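Peer 1: coordinates only, sequence not included:
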């Protein structure tokens with residue numbers, strides 16, 4: 001029995017394995033636990049092992065790679081077309097084994113432990129930021145019901161809330177004052193946690209040479225730099241910066257048929273967290289475009305003449321993203337873009 005390729009359908013505690021020969025025929029089906037899987041593959045020699053990129057796949061991918069296997073991770077949406085008839089764990093594993101052999105398949109690089117730790121920091125920090133925004137909006141909504149209007153922005157809530165709690169002339173019940181005090185305490189706790197995570201990200205960016213090169217790009221700070229490193233590593237998984245921009249979702253949707261090309265707006269596909277960070281950074285650069293390098297400032301001025309400011313911001317975010325890929329993948333330092341004279 002010769003096993004050419006193995007497809008593994010991952011689960012929380014049970015894993016389904018399907019092995020195929022060089023002709024694509026299924027020669028083995030096996031269900032096992034994590035320890036049984038690693039013991040089985042330790043003495044096995046196959047050309048390639050495929051899995052879907054999901055929770056736990058990077059850990060298992062590193063474990064199998066340490067055994068000497070060629071492990072490839074694939075996005076689940078790229079495996080779905082190879083699922084035949086009904087769905088089961090063995091059918092999914094067989095589809096994975098077939099998809100991993102395709103020459104045009106796109107693979108997901110296996111993340112290191114440092115990347116996963118950095119990604120975890122960003123995910124927890126983002127949840128705290130969203131929770132803090134929710135608390136601020138709830139405080140403003142509750143005060144509006146009592147006839148107290150606060151401007152938009154967390155800084156106004158931080159400034160006005162202590163005075164509201166101490167102002168005895170306001171007709172607020174004791175229970176409502178207690179509720180506001182608890183919300184203020186929650187807001188302060190969330191702010192302290194976010195500041196701790198910001199300090200961790202700044203320390204990581206200071207110690208990482210690649211992050212230091214990224215932060216020299218306008219609009220990219222420690223948060224964006226560390227988020228990009230956690231997501232793509234050194235960027236070698238992308239052939240060019242345009243591919244990275246497409247993966248993040250910073251390119252127009254295309255609907256071309258009959259030889260007629262139609263480009264639409266950017267979609268919600270891709271990495272929404274990175275897209276948000278780069279768009280926010282591009283917006284900050286746009287607001288201070290006169291303080292940028294002459295070449296970049298001139299390019300932005302020419303762009304604003306031709307299109308709307310929001311479109312120009314997305315175009316600038318696309319440009320910053322492609323610059324970041326060049327800095328990472330080619331191990332270069334940031335150079336301002338050259339000014340191309342208009343014809």
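Peer 2: Good, I have the coordinates. Predicted, not measured: the structure shown is a model, and the values here were computed from it.

Peer 1: what ranges do the helices span in the stretch 101-250 of the chain?
Peer 2: 113-145, 154-166, 174-207, 209-214, 222-232, 241-248 (DSSP state H, counting those that start in this stretch).

Peer 1: ranking the ones you listed by burial, who's on top?
Peer 2: Among the helices of the stretch 101-250 of the chain, helix 222-232 has the highest mean neighbour count (mean count of other CB atoms under 10 Å), at a mean of 23. Every C-beta, even on glycine, is put in place using the N, C-alpha and C of the backbone.

Peer 1: hmm, who's touching it?
Peer 2: Here helix 222-232 makes contact (CB atoms under 8 Å, 6 or more residues apart in numbering) with 109, 111, 115-116, 118-119, 121-122, 198, 201-202, 204-206, 208, 210-211, 214-215, 220, 238, 244, 271, 273-274, 277-278, 281, 324, 328.

Peer 1: again, but for stretch 200-219
Peer 2: Counting by CB under 8 Å, 6+ apart, 118, 121-122, 125, 220-226, 228-229, 234, 278, 281-282, 284-285, 292-293, 296, 316-317, 320, 323-324, 327-328, 332-334 sit against stretch 200-219.

Peer 1: rewinding a little: so which of the helices of the stretch 101-250 of the chain is nearest residue 96?
Peer 2: helix 241-248 (21.1 Å; CB to CB).

Peer 1: just checking, what packs against that closest one?
Peer 2: Secondary-structure packing of helix 241-248 (3 or more CB pairs under 8 Å, 6 or more residues apart in numbering; DSSP states H and E): helix 272-287, helix 309-329.

Peer 1: go again using 6 Å as the cut-off
Peer 2: helix 309-329 (3 or more CB pairs under 6 Å, 6 or more residues apart in numbering; DSSP states H and E).

Peer 1: what's the spacing between the helix it packs on and its chain's center?
Peer 2: 16 Å (CA atoms, centre = their mean, to the nearest Å).

Peer 1: Could you pull up the mean pLDDT of it?
Peer 2: Mean per-residue pLDDT for helix 309-329: 92.

Peer 1: could you say what helices and strands it packs with?
Peer 2: helix 209-214, helix 241-248, helix 272-287.

Peer 1: hang on, residue 51 in a helix?
Peer 2: No - using DSSP: H, G, I helix; E, B strand; the rest coil, the assignment for residue 51 is strand, not a helix.

Peer 1: and it, what does it touch?
Peer 2: Residues near residue 51 by CB atoms under 6 Å, 6 or more residues apart in numbering: 8, 10, 57, 73.

Peer 1: Among these, which one has the most neighbours?
Peer 2: residue 8 (28 neighbours; other CB atoms under 10 Å).

Peer 1: Show me the beta-bridge partners of it.
Peer 2: Residue 8 has these beta-bridge partners by DSSP bridges: residue 17, residue 51.

Peer 1: okay, it: pLDDT?
Peer 2: 94.

Peer 1: Distance check, it against residue 35.
Peer 2: According to CB to CB, to the nearest Å, residue 8 stands 14 Å off from residue 35.

Peer 1: Could you do residue 69 as well?
Peer 2: From residue 69 to residue 35 the distance is 17 Å (CB to CB).

Peer 1: Looking at these two, which is more packed in?
Peer 2: residue 69 (19 against 8).

Peer 1: Contacts only, for that one.
Peer 2: residue 49.

Peer 1: got the phi/psi numbers for it?
Peer 2: phi -90, psi 150 (degrees, to the nearest 10).

Peer 1: From residue 110, how far off is it?
Peer 2: Counting by CB to CB - residue 69 and residue 110 are separated by 11 Å.

Peer 1: How about residue 126?
Peer 2: For residue 126, the distance to residue 110 - CB to CB - is 23 Å.

Peer 1: Could you do residue 60 as well?
Peer 2: For residue 60 relative to residue 110 (CB to CB), the value is 9 Å.

Peer 1: How far off centre is stretch 293-301?
Peer 2: 29 Å.

Peer 1: Identify each buried residue in that stretch, please.
Peer 2: Neighbour-count burial for stretch 293-301 flags 296, 297, 298, 299, 300 (criterion: 16 or more other CB atoms under 10 Å).

Peer 1: now these in TSV, with secondary structure and distance to residue 161?
Peer 2: Below are the buried residues of stretch 293-301 laid out as TSV (DSSP: H, G, I helix; E, B strand; the rest coil; distance: CB to CB, whole Å):
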residue	secondary structure	distance to residue 161
296	helix	41
297	helix	41
298	helix	45
299	helix	44
300	helix	39
